[in-house]
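# missing the sequence, but the structure's below:
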C-alpha cells in the first residue's frame, strides 16, 4: 500500500466529479489523502478531505472576465501563499509516494519543491499536450489558456489526459478514456423523445422561447422547478432523476463543460454545445465534439441552430454508433499513477 496525495481544483464541480472514479479505484489498494478547495472540498468533505485555497474564475455577462479573474486572484495571493505552506507541511508529515494534481497548483508546486513524483491528471492538458488545433479566431484564448496550463502544471512530463477525442499526445503525455461515474457507466440508454437542456446560468431569458419552437419535448435543468409551459418541462436538480433523463434523452443541449459532454456521448446522445464565452477549455471540447461528428458547436443558441441540430440527429447518432469507447478510464488512470509509485520504489 502506498500513500497518495490527490489535489483537486475547486472551481466548478467538474474536477471533483472527474476525480471521484479515479480516487475510488486508487482507494482499493492505497491510502489517498484528498486536498481541495471550494467545490472540491464540499464534494469530498465526507471523505475527510483537507481544505486548501482554490484559484477563482471571475465571470461577467455570461463569459470569463480576464481582468476580473486576475484582480480577484491577486487579492487572494496571501491566502495562496499560506495554502502552499500548508500543503508542504501535509506532505512532509505524510511522506506520500506520489502526488496527483487535477489542475490543482498548490499540490503540484509542493511536490516539485519537495521532489516528490508528480502526475497531472486532467482533460485540461489536451490543449497544451496534444495535437489539438482550434480555429484561428480563438488564438487569444489559446495563448492565455496555454500560459495558465503551464503555470498550474509546472513540469513537462507525467501528464495523463482524459478525453473522448482521437488526438495524439505529445511526448511525456498519454490520452486515456474519461473516467465515468458508476451511475453513468451502468445506465442502459434509450432513444427517447425529449431534448435534455442543462443550463448553468439562470440569467438566460431567451432559452424558453427557443426551446418552445424546437418541435420536440424538452426537459430543462438549471432553473429549478418551475411550472411546465408549452413543450418545456423544468426540473429541480436531483442526481438520480437527472441521470435517468439523460439516459432516456434524444439529445443534449449544454455548454462546453467536459463532464456532461462525456457522459452524454458515452450514452450515445448527440450534443449541441454552446461554450461559455472566453472559456477556452470549453471551446476545445466543443471543437473536438464537432470534428468527430458527435454533435454541433455554436457560439449562441438560436431557434435556427436548435432546429438544424434536431434535423441532423440521425447523422450524429450514426457517428456515435461507430464510437469505440472503453469504460475503464478510472482503472487506466490508476494504473498510470501506480506506475510512478513503482518507479520510485525500485
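That came in fine, so what should we check first? It should be emphasised that the depicted structure is a prediction, and the values quoted were computed from it without experimental measurement.
# give the contact list for the residue lying closest to residue 159 once chain neighbours are set aside.
Nearest residue to residue 159, sequence neighbours excluded (C-beta to C-beta, 6 or more residues apart in numbering): residue 173, at 3.9 Å. Glycine gets a C-beta too; all of them are placed from N, C-alpha and C. Shown in contact with residue 173 (C-beta atoms under 8 Å, 6 or more residues apart in numbering): 125, 129, 130, 157, 159, 160, 161.
# For the first one, which three-state class applies?
For residue 125, the reduced secondary structure class is helix; criterion used: DSSP: H, G, I helix; E, B strand; the rest coil.
# That one - how many residues pack around it?
23 (other C-beta atoms under 10 Å).
# And the strands in the stretch 1-150 of the chain, which stretches?
3-8, 31-36, 50-51, 59-60, 63-64, 98-102, 118-121 (DSSP state E, counting those that start in this stretch).
# And the ones you listed: which comes nearest residue 297?
Residue 297 sits nearest to strand 63-64 of all the strands of the stretch 1-150 of the chain, at 16.0 Å, using C-beta to C-beta.
# Residue 227 contacts residue 234, doesn't it?
Yes: in this structure residue 227 lies within contact range of residue 234 using C-beta atoms under 8 Å: 7.5 Å.
# how near is the residue nearest to residue 159 to residue 127?
According to C-beta to C-beta, to the nearest Å, residue 173 and residue 127 sit 12 Å apart.
# what do you get for residue 110?
For residue 110, the distance to residue 127 equals 24 Å [C-beta to C-beta].
# between the two, who's got more neighbours?
residue 110 (28 against 24).
# Residue 93: neighbour count?
With neighbours defined by other C-beta under 10 Å, the count for residue 93 comes to 8.
# Please renumber the chain so that the first residue is 18 from this point on.
That works, and once the first residue is 18, the last one we named lands at residue 110.
# Give me the number of neighbouring residues for residue 338.
Residue 338: 8 surrounding residues under other C-beta under 10 Å.
# repeat for residue 109
For residue 109, the neighbour count with other C-beta under 10 Å is 12.
# Look up how far residue 98 lies from it.
Residue 109 is 17 Å from residue 98, by C-beta to C-beta.
# Tell me which two in the contacts of residue 190 are the farthest apart.
By the measure C-beta to C-beta, 147 and 174 form the most distant pair in those, at 14.4 Å.
# what about the two, which has more around it?
Counted by other C-beta under 10 Å, residue 147 and residue 174 do not tie: residue 147 has more neighbours, with 20 against 12.
# Not counting sequence-adjacent ones, nearest residue to the more buried one?
Distances taken as C-beta to C-beta, 6+ apart place residue 184 nearest to residue 147, at 4.3 Å, with adjacent residues excluded.
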